[in-house]
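Trainee: only geometry, no sequence info:
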Ligand SMILES: NC(=O)C1=CN([C@@H]2O[C@H](COP(=O)(O)OP(=O)(O)OC[C@H]3O[C@@H](n4cnc5c(N)ncnc54)[C@H](OP(=O)(O)O)[C@@H]3O)[C@@H](O)[C@H]2O)C=CC1
Ligand SMILES: O=C(O)C1=N[C@H](C(=O)O)C[C@H](O)C1
């Protein structure tokens with residue numbers, strides 16, 4: 001709840017959704033409509049007027065990596081908190097957003113590469129495991145309508161693993177490959193190989209594989225349905241109101 005009305009009742013959080021006709025946006029619209037402490041004030045998709053969002057307290061963005069920065073600039077300029085699931089956040093983009101937020105220190109923006117609880121836990125488990133194994137690789141598997149590869153989750157996971165290994169003073173894992181067809185060893189993300197699979201029937205899945213002396217460890221998460229992301233999105237909407245500045249990752253909100 002955002003505050004008290006004149007008669008002493010708590011007022012619901014006013015939420016606007018960007019990308020509202022997409023796979024995720026439509027699910028967010030349903031989740032907000034079903035939340036007792038929220039009210040949906042705007043549902044905006046490609047070609048719609050974003051002015052409808054200005055009555056919101058919080059905007060939720062599930063659009064496209066090419067659209068999200070412009071949407072965020074609009075949100076910050078309009079004095080709206082934002083919860084963002086859209087992928088494509090490079091360090092440069094995070095720096096740009098941080099600059100915009102410096103002009104509006106009361107505003108909060110939460111960006112989460114993945115809102116599913118299990119995916120957030122898998123990331124944390126991978127971070128803990130990283131320093132105990134010689135090598136790590138990530139395999140992400142998604143539906144074939146996905147625009148970006150590797151997934152934002154896999155990219156973030158690889159970077160977190162790389163950072164944990166560097167902090168532990170570890171060298172890159174041994175790999176004798178000298179002859180390689182392009183892409184056969186996946187994308188190199190901060191020294192960690194990331195492999196992307198795209199198939200109809202899949203939703204969102206990730207395996208983090210570690211190898212060491214005589215053993216492997218596999219951490220796997222499966223989103224079997226897009227409702228898996230909704231508790232995290234609603235949690236983010238509630239949390240962002242009291243978290244000024246940029247928060248990156250739902251793990252921060254869950255206090256893991
Ligand atoms: N963080 C997380 O937990 C999750 C993140 N994602 C990410 O969310 C994003 C969206 O995924 P998904 O819902 O599957 O994609 P969809 O393509 O199904 O939905 C995106 C929607 O946004 C619309 N859109 C595009 N540009 C704009 C704009 N400028 N303003 C308003 N609406 C716009 C699209 O319209 P049109 O098609 O006409 O362009 C479309 O309706 C992706 O980056 C994906 O990786 C997905 C799942 C979970
Ligand atoms: O596009 C998707 O579907 C998903 N996108 C996010 C990502 O790229 O990590 C989150 C989840 O994997 C689903």
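Mentor: Perfect, I can see it now. Quick caveat: nothing in here was measured; it's all calculated off a predicted structure. Residues are numbered from 1 along each chain as shown. Ligands and ions are numbered 1, 2, ... in the order given.
Trainee: surely residue 104 is within a helix?
Mentor: No. Using DSSP: H, G, I helix; E, B strand; the rest coil, the secondary structure at residue 104 is coil, not a helix.
Trainee: how far out from the middle of the chain is stretch 217-235?
Mentor: The chain centre lies 11 Å from the centre of stretch 217-235; the measure is C-alpha atoms, centre = their mean, to the nearest Å.
Trainee: go through it and flag the buried ones.
Mentor: The neighbour-count criterion (16 or more other C-beta atoms under 10 Å) identifies 219, 221, 222, 223, 226, 228, 229, 230, 232, 233, 234, 235 as the buried residues of stretch 217-235. (Each C-beta comes from the backbone N, C-alpha and C, glycine too.)
Trainee: then stretch 32-44?
Mentor: Here stretch 32-44 shows 32, 35, 38, 40, 41, 42, 43, 44 as buried, counting by 16+ other C-beta under 10 Å.
Trainee: measure that stretch end to end?
Mentor: Criterion C-alpha to C-alpha, to the nearest Å; first-to-last residue distance in stretch 32-44 is 14 Å.
Trainee: please name the nearest non-neighbouring residue to the residue of the stretch 151-256 of the chain found nearest ligand 1.
Mentor: Of the residues in the stretch 151-256 of the chain, the one nearest ligand 1 is residue 229, at a distance of 4.5 Å by C-beta to the nearest ligand atom. Distances taken as C-beta to C-beta, 6 or more residues apart in numbering place residue 115 nearest to residue 229, at 4.1 Å, with adjacent residues excluded.
Trainee: surely that neighbour and residue 234 touch.
Mentor: No. Assessed by C-beta atoms under 8 Å, residue 115 is found out of contact with residue 234, at 9.2 Å.
Trainee: let's verify the residue most central in space within the chain: helix, strand, or coil?
Mentor: Nearest to the mean C-alpha position of the chain, by C-alpha atoms, centre = their mean, lies residue 113 at 1.6 Å. Secondary structure assignment for residue 113 (three-state DSSP): coil.
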